[in-house]
Every structure is written in C-alpha cells, then in structure tokens.
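Undergrad: Mind looking at a prediction? Sequence and model below.
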Amino acid sequence: MFDFSNRKIYCIITDRKKGIKMISKPKGTVDLTDKLARTWKYVEEVIDSCMEKYNYNYIRTPIFESTELFHRGIGDSTDIVTKETYDFKDRGDRSITLRPEGTAGVVRSYIENKMYGTHNLPVKVYYNGTMYRYERPGKGRYRELSQYGVEVMGSSDPMMDAEVISLAYNINKMLGLTDTVVHINSLGDKESRDKYREALKEYFKPHLDDLCDDCKERFVKNPLRIIDCKVDSNKDYFKDAPNILDYLNVESKEHFDKVCEYLDLLEVKYEIDPKIVRGLDYYNHTVFELCTLNNNLALGGGGRYNNLVSMLGGPKTPCVGYAVGLDRLVDEIISRDIDNVRDDIDAFIMYVNEDEKKNAIYLANELRMSGFVVETEYTKRSLKSQFKRADYFNSKYLILLNSDDLNEGLITIKNNKTKEEEKIMMEYIIYYFDEHISDDNLSIEADFHNHEEGCDCDE
Ligand code: AMP
C-alpha cells in the first residue's frame with residue numbers, strides 16, 4: 001500500500017556534499033513509477049475498453065480554463081471554488097484557473113462546439129486527466145489529483161442515470177473491486193429542493209450558534225450542504241434533521257423510483273443514503289457516491305445536473321455524469337493485490353562481445369516486433385550480472401549468445417524456471433517462442449478478458 005501521507009516532503013533539499021540543490025516535487029503531488037505506474041496503466045486500459053463497449057467517446061479539454069467558468073459552473077458557495085482553486089493571471093492579464101474538476105470544462109466544450117446541434121443526443125463522453133485543488137494533502141488527498149469521468153448530455157430519462165451509475169459500478173467490478181456499493185440519493189427538482197431548503201433552515205435555526213463557521217455560511221447560501229458537513233454532522237440533533245426523500249414531489253419521486261428499479265435490473269448493489277448531497281451546487285435529482293467496504297473515502301461520485309448547460313450559456317439540456325479518483329482507485333487495487341499487471345518479461349538476451357551484441361540487437365528487435373517482451377544488456381555487464389538482471393525482470397527465458405555457436409547459426413535458450421537448456425537455429429526463434437510462450441501470454445489475455453466480461457471468479 002502506498003502511504004504518501006507519512007512522507008516528509010521538502011521543496012528544496014541541499015546536497016551538502018556537492019553543494020547542488022536537489023528539487024523535490026511540490027507538496028500534494030505524486031510521481032507514478034514502477035508498480036504504481038504499471039497498475040495505473042492497467043486501470044486506464046480497463047476503463048478505455050469498458051467505455052468503448054458502452055459507446056462513450058473520449059474527450060480532452062484544457063487543463064486550464066477561464067476562472068469564471070468554475071465560479072459560474074461549480075458555484076460560489078462550494079469549498080472547491082472558494083478555497084481550493086489554483087488561480088493566476090496569465091501574461092495577457094486574463095484570470096485563469098487550473099481545473100479542479102472535469103464537468104465544467106466538458107460542458108463548456110459541449111456548448112462552444114455546438115454539440116447539441118451537430119451530434120445525435122444524448123452525447124456520451126468520458127475523460128481522464130489531472131485536476132488541481134489546494135487541499136491539505138493526506139492519504140488519498142492530493143493537490144494534483146487524477147480523475148476519470150463520464151458526462152452524458154441530452155437525456156433526462158432515469159435509464160440514463162442508471163446506465164451511468166452501472167458503468168461506474170461495472171468498471172470497479174472488472175477491476176476486481178467486487179465489494180463496491182453505490183450510495184444513492186435524490187435531491188429532487190427545484191420545487192422539491194426549495195421546500196426542503198426551507199425545512200432545513202427552520203430545523204437548524206435554533207442550532208445556528210452551535211454550527212461551525214462553514215455551516216453558518218452554508219445556512220445562508222446552501223443549507224443542503226450542512227447535511228454532509230465533516231465537522232458538524234455527528235452532532236446529536238443531526239439525527240432528526242429533515243430527510244430530503246420526504247420532500248420529493250411526485251415527479252421527482254417517480255424519477256428516483258425508476259432509477260432504483262433499473263439499478264435492480266442491472267444488479268447494481270446500492271444503498272439509499274439521504275445524507276449524500278454532494279459538494280457541488282449544480283446537482284439535482286439523482287446523486288451518488290461509489291464506495292467499497294474497506295475504504296471510508298469515496299472512490300467517486302456524481303449525479304444529474306439539468307441546469308448547468310443553461311447556466312453556462314447553452315440550451316436547456318439535462319445531463320448526468322460522475323468522476324472517480326484514479327489515485328484512490330489505483331491505491332485500492334494495489335492494496336488488495338488484485339491487479340492483472342504483467343510482472344515478468346518473455347526473454348533476456350545475454351552476450352559479451354561486439355559480434356554477439358549485434359546479434360542481440362537484431363534478435364531483440366525481431367522478437368519485439370513479433371509481440372514478445374524482450375530485454376537485453378546495455379552497459380557491458382559481466383555474464384554473472386546479466387543473469388542477475390534477467391532475474392530482476394523475472395525473465396521466463398534466457399537467450400545466451402556466444403560467437404562459436406553463432407558462427408554455426410545456433411543460439412542457446414534456457415528456461416529460467418526449469419533451468420533446462422537447448423540449442424536451436426537462430427532463425428527458428430520466433431517459432432520456438434510462438435510454441436513455448438504465446439500460449440502463456442494468451443492465457444494471461446484470456447484471464448483479462450474474462451475479467452472484462454464481468455466474470456465473478458473473485459466473488
Ligand atoms: P469530487 O469531484 O469532489 O466529487 O471527487 C470525486 C472523486 O475524486 C473522489 O471520490 C475522490 O476519489 C477523488 N478526489 C477528490 N478530491 C481528491 C483529492 N484531493 N485527492 C485525490 N483524489 C480526490
């Protein structure tokens with residue numbers, strides 16, 4: 001498990017010996033290397049492949065946008081916008097913000113590119129990229145974070161909410177997180193929410209002095225957010241606070257019931273949780289969070305946002321979407337050791353002299369172009385050290401080149417597990433590996449595809 005929270009992060013460390021300053025990564029950022037990087041790529045592959053099956057198109061929007069987009073889009077009463085954005089003026093004196101989330105940019109792009117006119121609705125897209133929030137860094141909480149997310153624009157059907165939720169749920173399942181549970185709630189439409197807001201204000205008014213400073217502000221600007229306050233929500237009187245589900249009008253209730261009915265049909269495990277209100281101002285109707293049993297931090301969340309497109313200057317367009325934090329998702333997968341990441345190579349080619357080296361370069365190229373994972377020597381190590389390096393890469397086979405054999409067109413192949421050796425004609429190497437290795441690789445791929453098809457073998 002990668003626990004970044006305990007690491008001391010220094011911005012600049014002086015290497016006294018050399019007197020040269022070493023530069024460390026900024027606070028709240030992460031280097032992806034080794035297993036973390038490989039698992040990350042694997043997770044991205046599963047996401048991409050799943051999106052293809054659900055027919056969601058990849059979209060990439062800028063990492064920085066006009067500051068106003070987030071103020072108007074996410075809302076002035078949210079922590080993200082009031083406390084956490086990275087804002088700066090560019091050299092042309094424009095107010096720029098590093099995106100703290102993906103939805104506002106996607107919606108801006110939908111409007112700016114007039115997708116509502118040129119595409120068949122609904123438009124279904126997904127993104128994957130870095131976001132920036134000036135938060136207090138800790139475990140699962142970074143300042144540069146990565147999210148993958150989907151946005152669907154142009155359908156108000158509860159079936160769409162259910163597809164989006166089940167997509168998030170199924171990706172988790174395919175990644176082996178079979179204990180994923182969706183916590184779901186409805187914020188209803190404007191009429192329902194207005195009524196609920198009044199009820200909340202009425203209820204919390206006598207407790208106003210006791211609420212934290214943020215909640216005092218929320219009481220005025222967005223009382224719904226008092227419900228999920230990290231500081232206050234354990235207080236006794238929160239238990240009897242009004243429940244949003246009691247305030248849904250007929251239409252909103254019908255929408256929510258339908259979403260739940262479709263989720264049952266799609267066999268998504270979910271729990272109705274009236275405490276979920278989500279941090280952003282733009283949600284209405286369905287809101288949800290993606291949780292696993294052994295993690296108290298949500299992996300992701302989202303919901304319906306029917307007013308954002310018009311708030312940003314586009315035509316009235318009902319939307320639904322979600323975002324999942326890749327940092328937390330990958331951490332969770334690594335901690336359970338359930339990744340499907342290859343941790344070996346097919347062959348390591350060993351040599352000592354220049355003549356052998358040319359053959360090594362040639363062979364490595366031929367094998368790689370035929371689909372095998374091959375490594376060789378680059379730094380004039382002794383043969384003994386090359387054996388060690390081959391073990392470091394868990395090489396299945398060793399290919400030993402020596403000039404005498406090469407003169408006769410022969411190479412030695414050693415099975416690194418059984419230690420059996422045999423000499424074969426160099427020109428037959430691809431056939432040899434096709435016969436001996438391709439089957440293994442195919443079975444790895446088959447495992448992967450079984451996983452992809454939703455095989456419940458882990459359950
Ligand atoms: P949000 O956009 O706040 O709804 O967050 C969606 C998901 O993004 C969360 O459930 C987390 O997995 C992830 N996330 C949000 N903020 C952070 C952060 N500061 N560091 C790492 N992941 C984050």
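TA: Thanks, I have it.
Undergrad: List the contacts of residue 356.
TA: By Cβ atoms under 8 Å, 6 or more residues apart in numbering, residue 356 lies in contact with 401, 402, 403, 406. (Each C-beta comes from the backbone N, C-alpha and C, glycine too.)
Undergrad: Residue of the chain nearest the ligand, please.
TA: Closest residue of the chain to the ligand, Cβ to the nearest ligand atom: residue 325 (2.2 Å).
Undergrad: I'd like to know how many residues surround that residue.
TA: When counting by other Cβ atoms under 10 Å, one arrives at 24 neighbours for residue 325.
Undergrad: partner residues bridging it?
TA: Judged by DSSP bridges, the bridge partners of residue 325 are residue 147.
Undergrad: how close does it sit to residue 119?
TA: 28 Å (Cβ to Cβ, to the nearest Å).
Undergrad: Over to residue 365?
TA: Remark: distance between residue 365 and residue 119 (Cβ to Cβ) = 44 Å.
Undergrad: Looking at the two, which has the bigger crowd around it?
TA: Higher neighbour count among residue 365 and residue 119: residue 119, with 16 against 12, using other Cβ under 10 Å.
Undergrad: Now do the contacts for the more buried one.
TA: Here residue 119 is in contact with no residue (Cβ under 8 Å, 6+ apart).
Undergrad: again, but for residue 272
TA: Contact analysis of residue 272 by Cβ under 8 Å, 6+ apart lists 184, 185, 245, 260.
Undergrad: Please indicate which of the contacts of residue 356 are buried?
TA: For the contacts of residue 356, burial is judged from neighbour counts taken by 16 or more other Cβ atoms under 10 Å, and it is met by 401, 402, 406.
Undergrad: In CSV: the residues you listed, plus pLDDT, secondary structure and distance to residue 197.
TA: Putting these into CSV (pLDDT from 0 to 100; DSSP: H, G, I helix; E, B strand; the rest coil; distance: Cβ to Cβ, whole Å) gives the following:
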residue, pLDDT, secondary structure, distance to residue 197
401, 98, coil, 76
402, 96, coil, 81
406, 97, helix, 81
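Undergrad: First-to-last residue distance for stretch 399-413?
TA: Taking Cα to Cα, to the nearest Å, stretch 399-413 runs 5 Å from one end to the other.
Undergrad: Hmm, I typed the wrong one, I wanted stretch 217-227.
TA: The first and last residues of stretch 217-227 sit 13 Å apart, counting by Cα to Cα.
Undergrad: quick one: contacts of it?
TA: Contacts for stretch 217-227 (Cβ under 8 Å, 6+ apart): 75-77, 187, 193, 196-197, 200-201, 204, 208, 211, 215, 229, 232-233, 238, 241, 244, 274-275, 277, 279, 281.
Undergrad: buried subset of those?
TA: Buried among the contacts of stretch 217-227 by 16+ other Cβ under 10 Å: 75, 77, 187, 193, 196-197, 200, 204, 211, 215, 229, 232, 238, 241, 244, 274, 277, 281.
Undergrad: can you tell me which of these are in helices?
TA: When DSSP state H defines the helices, the subset of the buried ones among the contacts of stretch 217-227 inside them is 193, 196, 197, 200, 204, 215.
Undergrad: For the third one, which non-adjacent residue is closest in space?
TA: For residue 197, the nearest residue in space outside its immediate sequence neighbours is residue 223; the separation is 5.3 Å by Cβ to Cβ, 6 or more residues apart in numbering.
Undergrad: Using the three-state scheme, assign the closest residue to residue 44 other than its chain neighbours.
TA: Leaving aside its sequence neighbours, residue 44 sits nearest to residue 128 (Cβ to Cβ, 6+ apart; 6.5 Å). Under DSSP: H, G, I helix; E, B strand; the rest coil, the three-state class of residue 128 is strand.
Undergrad: Bridge partners for residue 128, pull those for me.
TA: Per DSSP bridges, the residues bridged to residue 128 are residue 148.
Undergrad: Residue 184 sits in which helix or strand?
TA: Secondary structure assignment for residue 184, by DSSP states H and E: strand 181-186.
Undergrad: Quick check: neighbours of that strand in the sheet, parallel or antiparallel?
TA: Sheet pairing of strand 181-186 (DSSP bridges) gives strand 270-272 (parallel), strand 284-291 (antiparallel).
Undergrad: so of those strands, which one's packed in deepest?
TA: strand 284-291 (a mean of 25; mean count of other Cβ atoms under 10 Å).
Undergrad: who touches residue 314 in this structure?
TA: Residues in contact with residue 314 (Cβ under 8 Å, 6+ apart) are 107, 110, 111, 116.
Undergrad: now swap in residue 98 and tell me
TA: Taking Cβ under 8 Å, 6+ apart as the test, what residue 98 contacts is 63, 64, 85, 86, 131, 132.
Undergrad: Narrow those residues to those in strands?
TA: Among the contacts of residue 98, the ones falling in strands (DSSP state E) are 64, 86, 131, 132.
Undergrad: Over to residue 415: give its phi and psi.
TA: Dihedral angles phi and psi of residue 415 (degrees, to the nearest 10) take the values phi -80, psi 120.
Undergrad: residues near it, how many?
TA: Around residue 415 there are 13 residues (other Cβ under 10 Å).
Undergrad: same deal with residue 359?
TA: Counted with other Cβ under 10 Å, residues neighbouring residue 359 total 19.
Undergrad: was I right about it contacting residue 427?
TA: No - counting by Cβ atoms under 8 Å, residue 427 is not a contact partner of residue 359; they are 11.8 Å apart.
Undergrad: show me where pLDDT drops low in this protein?
TA: For the chain, the stretches with pLDDT under 70 are 1-18, 77, 279-281, 295, 438-459.
Undergrad: Now for the residue nearest the centre of it: which residues touch it?
TA: In the chain, the residue lying closest to the centroid (Cα atoms, centre = their mean) is residue 326, at 2.6 Å. Applying Cβ under 8 Å, 6+ apart, one finds that residue 326 lies in contact with 40, 43, 44, 128, 145, 146, 147, 148.
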